[in-house]
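Trainee: sequence and predicted structure, then a few things I'm wondering about:
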Amino acid sequence: MKVAILGTGYVGLVTGTCLAAMGNTVYCCDIDETKVAMLKEGKAPFYEPGLEVLIKTGAEKGHLNFTTDTADAVSKSEVVFIAVGTPPKKDGSANLQYVKEAAKDIARGIKGYTIIADKSTVPIGTADVVHDIIANETDEEFSIISCPEFLKEGDAVNDFMKPDRVVVGYDGDTRVEEIMSELFTPFLRTGKPVLFMDIRSAEMTKYAANCMLATKISFINEMANICEQVGADITNVRRGMGTDRRIGFEFLHPGLGYGGSCFPKDVEALIYRAKEVGYEPQLLQSVNTLNSYQRMRFIEKILAYYDGDIKGKTFALWGLSFKPRTDDIRMAPAMSIIDYLLDHGAKVKAYDPQAMDNIKEVYGDKIELCHKSYDALKGADSLVVSTEWNEFRTPDFERIKTLLGEAVIFDGRNLYTHKNMKRRGFKYFSIGFGI
C-alpha cells in the first residue's frame, strides 16, 4: 500500500518507519528542508530506541522516502496520515494551525479516492474541520477518519509494532474498513483488535486514555504525599494496591509528576474543550493542579534541608529528559527544579544520557553540563535525581559520597531505599515515606 505521512515528529516518523517495515511504500513529508536532508542520510532528528535502524533499513529497501513535496506524495497515496504538531495555546486549547495547513496541502495533491487520517492528537470535532477545508478546495473523493496514536516515548517503535489495539473512527464507509484493516493487520497477529467506531468517539478515546494515565500518576503522588504526613510507606501501599487486578501497577509510580509533549497538553486541552461545551471537569483540573504542585513539594524538601537558603549552593542533577529513553525535555520536571534553583541563587551541574544538547538550547551557560554522571558530583553540595535512567539505579555510592561536599541525596524517583541509604551513611530524601 502507498501511504503519505505529513509531519516527521515522534508520531509521524514512527508511524512512517513502522509501516515501511511491513513493506508499504511510505512518503514522509515535512516542510523543514534541513530535517528532510538529515532523514535522507539515515539520521533521526530525535532519540528514540530502535528508530534510526528502521529509518536506514526502510530507505535502503526503497520502502521509506522523505520529501518536502507534500502534494506529490499525496497524489501517489491511498492513505494520508496527518501527524503534525498541535501545540497548546496559552489558554490550554490545542493550536490547529498546522493541521489546517496540512489539510490544504492534501487538497492540492489528492487524486482519486483517498483516506485521510487524523493521527495527531486533536480536539473532538477536528475531523469536521479538516473535511470542510479539503472539500472546499477539491472535487476528488475522500474519507476523513480519526486514527489516534497510543505511543510511549522511549518505547514508541515497540508500541506501534505490537499495539494493544488500533482505533479507527469513520463515517461507516466500508472502503475504510477494508483498507485500514489491510494496513494494520500485519501488526495485529496476536489477535489484538481494530476498533471501528464513530469519529468523535475515536477523537475522544485518545484524550480519555491519556487523561486516565495522567490521573493515575497524580493519584499515586497524592497518596505518597498523604503517606508522608501519616507515617506510612508508599512502597508498601503501592504493593497493596497494585496486586489488585482492577488497579494494577502501571503508572502507579510516585515521583515528580508527568511531563513530555502529551499528558500535560492533552489534560489541559480536554479541560478547555469540556468548558467550551459547558461542563466543568473537576477531576481533570485537580489532576493538572496536583501535577504542578508535586514539583514544588519536592523542591520544598530541598529548601527544608537548607533552612530555606540555597544561595551559593551547588546541586548535582542527574536526569534532564522528562522520562528515560528519550531526549525530550518538554515539560520535564528537571526544568522546574533548575529554574527554581537558579532563581534563588544556586548553581547546577547536570548530566543526562541523551538530553544534554536540548537542555543547552534552553539554558546555555546558565548551568554546567557534564559528560559523565560522576563529573556532575564534583564540587556539588548534594545530588538531585530527577529522571529514572537505568544507569542511575545502582551507582557507586562510595564514589558519590567521596565526590559530594555532603552525603545528601534528594531522590525524585524513589530509585533507592531508605534502609540502604542509611546503612551507607547518606541523608536521603524521597517521596512518600512517613516523617
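Mentor: Arrived safely, thanks for sending. Residues are numbered from 1 along each chain as shown.
Trainee: now for the helix ranked longest in the chain, which elements pack on it?
Mentor: When the chain is parsed with DSSP state H, its longest helix is helix 199-230. Packing contacts for helix 199-230, counted by 3 or more CB pairs under 8 Å, 6 or more residues apart in numbering; DSSP states H and E, involve helix 126-135, strand 142-146, strand 166-169, helix 234-242, helix 263-276, helix 282-305. Just so you know, the C-beta spots here come from the backbone N, C-alpha and C atoms, and that holds for glycine as well.
Trainee: excluding sequence neighbours, find me the nearest residue to the residue nearest the centre of the chain.
Mentor: By CA atoms, centre = their mean, the mean C-alpha position of the chain lies nearest to Gly260, the distance being 4.2 Å. Nearest non-adjacent residue to Gly260, counting by CB to CB, 6 or more residues apart in numbering: Phe322, 4.5 Å away.
Trainee: the one you found reaches Asp352, doesn't it?
Mentor: No. The pair Phe322 / Asp352 is not scored as a contact, 10.7 Å apart, by CB atoms under 8 Å.
Trainee: shared neighbours, those two?
Mentor: When contacts are counted by CB atoms under 8 Å, 6 or more residues apart in numbering, Phe322 and Asp352 are jointly contacted by 334, 387.
Trainee: next, give phi and psi for the residue nearest to the centre of the chain.
Mentor: Dihedral pair for Gly260: phi 90, psi -170, per degrees, to the nearest 10.
Trainee: now for it: which residues touch it?
Mentor: Contacts for Gly260 were tallied using CB under 8 Å, 6+ apart; they are 153, 322-323, 326, 328, 330-332.
Trainee: look at it and report its pLDDT.
Mentor: According to the prediction, Gly260 has pLDDT 94.
Trainee: okay, stretch 310-317 in CSV with CA atoms only?
Mentor: What follows is stretch 310-317, C-alpha atoms only, in CSV (Å, rounded to 0.1, in the frame of the first residue of the first chain):
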residue,chain,number,x,y,z
ILE,A,310,20.2,27.7,48.9
LYS,A,311,22.0,30.8,47.7
GLY,A,312,25.6,29.8,46.7
LYS,A,313,24.8,26.1,47.0
THR,A,314,25.8,23.8,44.1
PHE,A,315,23.5,20.9,43.1
ALA,A,316,24.4,17.9,41.0
LEU,A,317,21.4,17.0,38.9
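Trainee: list the buried residues of it.
Mentor: Buried residues in stretch 310-317, counting neighbours by 16 or more other CB atoms under 10 Å, are found at 310, 313-317.
Trainee: what's the answer for stretch 378-389, then?
Mentor: For stretch 378-389, by 16+ other CB under 10 Å, it's 380-389.
Trainee: for it, measure first residue to last.
Mentor: From its first residue to its last, stretch 378-389 covers 20 Å (CA to CA, to the nearest Å).
Trainee: check stretch 18-33 too.
Mentor: 22 Å.
Trainee: where's it relative to the chain centroid, distance-wise?
Mentor: 21 Å (CA atoms, centre = their mean, to the nearest Å).
Trainee: that one - what's its average pLDDT?
Mentor: 97.
Trainee: what are the buried residues along that stretch?
Mentor: Neighbour-count burial for stretch 18-33, counted by 16+ other CB under 10 Å, picks out 18-22, 24-31.
Trainee: number of nearby residues for Lys61?
Mentor: 11 (other CB atoms under 10 Å).
Trainee: excluding chain neighbours, what is closest to it?
Mentor: Ala20 (7.9 Å).
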